[in-house]
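Asker: whatever this is, show me its structure:
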Amino acid sequence: MLPLCRIRPYYTLRRCIRHCHLQPDPFGLPRHYSRLTSQDLSASSRSPSTLAHCAPYPARTHTCGSLTARDAGAKVVLTGWILPERKGKLMSFYPLKDSYGITQLIVHHSEGATDLSALAKVPVESTVLIEGTVLLRPPSARRPGHTAYRLCPRIPIMWRTMSYEPAIVAQIVRNVLHDHDFVEVETPVLLRSSPEGAREFLVPTRISTAGSDGASTEEPLFYALQQSPQQPKQLLMCSGGVDRYFQLAKCFRDEGGRKDRQPEFTQIDMEMAFVSWGPREISKAEHTNVWRIGGEEVRDVVETLIRNIWEKVEGVSLPKGFEVMTYNEAMTRFGSDKPDTRFGLEIQNITHLLPQKQGAIFEHDGEILECIPVHKASEREFIGASRACDHDSAVERVTITKKNLDSWLLNARTHESLLEISPDDNSRITDSLQLTPGDEIWLAVRPRSPKGGSTALGSIRLRLLEIAQSRGEFTVTKDPHFLWITEFPLFTQADADKDFLARGRWSSSHHPFTAPMWQDIEAMYRGNIESVRGQHYDLVLNGVEIGGGSVRVHDAAMQDYIFTHVLQLSETEKAPFQHLLHALQCGAPPHGGIALGFDRLMAMLCNTQSIRDVIAFPKASTGADLLFKSPAPIDNEVLHEYGIQSRSTT
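Answerer: Predicted structure coming up:
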């Protein structure tokens, strides 16, 4: 419940900013201010309210979030933003908020009470200073629990509604990592452009010399804002001076706007020397829940960090060991490399159920037939969503009826070979899948070796969850589902975001410094690139990737082979990595690390879908900053200083 404060007549308020009529906000929030012109500000400085702005005033004694029942009867001075009046017959109520909480102000209308009617004329969201006496609510109106709740600061482009302040979580992160002997090191933000997988922001400079030789050049020179501190932190490990590094690092990527992407973002970045490089013996089973790669030391630290955050912020005790799943298993069962395991509807491979002839065709083509059965009896929460779900030609939906119970598959359009299946074979598959009239089944064909981050049925699975939730027919569990995904393909040609650099060549699934699983090293040197798995791990929470890392290549010859023969980088493209290759040649320990998305972590804690809701000054979905009006054109004279010409003049 909210603490109460009766306003005393000593003075009413002091307005600290002139407010005008409401204006629309680009983020959909009401704006309780307007932009003031120089003329407005000049007129304001001569107004009678100038004394209220500049005269001495009492210091704040309490915040709105600190008042408790022990303060009853005390005289207090509060400051904050005034919210809309709720008027009754005998009294009016005004919420007063600050960054710590909210307090309810009481104004009596009875005869003899001090006239505080002017308070109703104060524009909403004005900053005020109030003196009053703290009151307890009547016994019938008292409720258990804390008397205040957190609210966002009153800047329209800052946090909207946050339950947890990023500073609190950042402090937990620092405490835990310091306790585990990590050293916080600030790395450079201005680096050199390098082909690491993401588009960079380039920073022009008037410096006319490049490199250590100091040779002058007439070409314009550029820094690149760091995509991540990847190379600096690896160099720290090679130096021998830092065994465990971390920082809350600002990172910059010139990417298109999405709900979980921003041009600039923060990550919890860490690296450890002398990590393990994978077990000698390895199980061939896919469904093992076993960490079969190196970097277990990184895993242990991250799980300790996450458990501390959830315990201290959410009051939730997490298990000591998070579930582990290989990339292949995740793509096979859930159709995603970041599966949401809070609900069922698992994908089933039914290629082995097909007759020999059809099975041989799929085997020859390197494909499989998979499905998602939606049973009316056991998945009734999703049957309505399945019938309402739109889909494209990549998948096929079949509704099982009494009429087609023995013919639904041989009439499917998913693959032409299915047309030759007999009714008996159809019945056998129907029995195996336990299909009955009223059920629905989704069908799709995909490559036997999964590629990329999702499959057609993986997308349908998530769409069914979304529709079932919107229809109120399914409520997802509130328990956090943490999951490690491991053994990703080391190289890929299925990432459209990286093709601008790869241009048809292989690119690194994670980054070019990720080590292969030692069992696949020979395959890499033989040129069997597609089969090589990496010692790469992603941490997934409720279907959202919140962090990723890997064990690094610590052998200079192997790193150079990857650059030259796998990624096929030119000498110019390899040049930004020469210092790293030299460091590896000098003797580098096995090392590995991870980067946890701080903004994504905060979004999950605040139960919001967009990281823009938890960033103090976020960019719009286009990447534009609507508050500071950036990016913006630069005068041609300034461009000339940097040796740059605008497109219009070329």
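Asker: please make it C-alpha for all contacts and neighbour counts, starting now.
Answerer: Fine.
Asker: can you tell me how far Thr414 sits from Leu369?
Answerer: Thr414 sits 9 Å away from Leu369, going by C-alpha to C-alpha, to the nearest Å.
Asker: same check on Ala575?
Answerer: 45 Å.
Asker: quick one: which of those two has more around it?
Answerer: Per other C-alpha atoms under 10 Å, whichever of Ala575 and Leu369 has more neighbours is Leu369, with 21 against 11.
Asker: can you list the strands that the helix or strand hosting that one pairs with?
Answerer: According to DSSP states H and E, Leu369 maps onto strand 367-374. Here strand 367-374 is paired, per DSSP bridges, with strand 348-349 (antiparallel), strand 440-447 (antiparallel).
Asker: and those as JSON lines, adding mean pLDDT and distance to Phe488?
Answerer: As requested, the strands paired with strand 367-374 are exported to JSON lines (pLDDT from 0 to 100; distance: least, C-alpha to C-alpha, whole Å):
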{"stretch": "strand 348-349", "mean pLDDT": "97", "distance to Phe488": "20"}
{"stretch": "strand 440-447", "mean pLDDT": "96", "distance to Phe488": "16"}
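Asker: deepest in the core, which of those strands is it.
Answerer: Highest mean neighbour count among those (mean count of other C-alpha atoms under 10 Å): strand 440-447, with a mean of 20.
Asker: next, the buried residues of the helix or strand following that one.
Answerer: Where DSSP H and E defines the elements, the next helix or strand beyond strand 440-447 is helix 456-470. Neighbour counts using 16 or more other C-alpha atoms under 10 Å place 456-458, 460-465, 467-469 of helix 456-470 among the buried residues.
Asker: what sits up against the helix or strand that helix 456-470 is followed by?
Answerer: As assigned by DSSP H and E, the chain's next helix or strand after helix 456-470 is strand 482-486. Contacting residues not belonging to strand 482-486 are listed as 291, 293, 322-327, 330, 337-338, 535-542 [C-alpha atoms under 8 Å, 6 or more residues apart in numbering].
Asker: span of stretch 496-503 from start to end?
Answerer: End-to-end span of stretch 496-503 (C-alpha to C-alpha): 10 Å.
Asker: what's in contact with that stretch?
Answerer: 195, 197-198, 493, 507, 567.
Asker: any residues in contact with both of Thr414 and Leu369?
Answerer: Residues touching both Thr414 and Leu369 (C-alpha under 8 Å, 6+ apart): 443-445.
Asker: can you redo those residues as JSON lines with distance to Gln609?
Answerer: Converted to JSON lines, the shared contacts of Thr414 and Leu369 look like this (distance: C-alpha to C-alpha, whole Å):
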{"residue": "Leu443", "distance to Gln609": "30"}
{"residue": "Ala444", "distance to Gln609": "29"}
{"residue": "Val445", "distance to Gln609": "31"}
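Asker: from the contacts of stretch 496-503, which single one is nearest Pro138?
Answerer: Closest to Pro138 out of the contacts of stretch 496-503 is Ala198 (60.0 Å), distances taken as C-alpha to C-alpha.
Asker: so Ala624 touches Pro631, yeah?
Answerer: Yes: counting by C-alpha atoms under 8 Å, Pro631 is a contact partner of Ala624 at 6.4 Å.
Asker: looking at the two, which is more packed in?
Answerer: Ala624 (17 against 10).
Asker: ok, the more buried one - contacts?
Answerer: 630-631.
Asker: Arg413 now?
Answerer: Per C-alpha under 8 Å, 6+ apart, neighbours of Arg413: Glu396.
Asker: tell me which helix or strand it sits in.
Answerer: Here Arg413 sits in a region with no helix or strand, counting by DSSP H and E.
Asker: ok, it to Val169 distance?
Answerer: Separation of Arg413 from Val169 (C-alpha to C-alpha): 52 Å.
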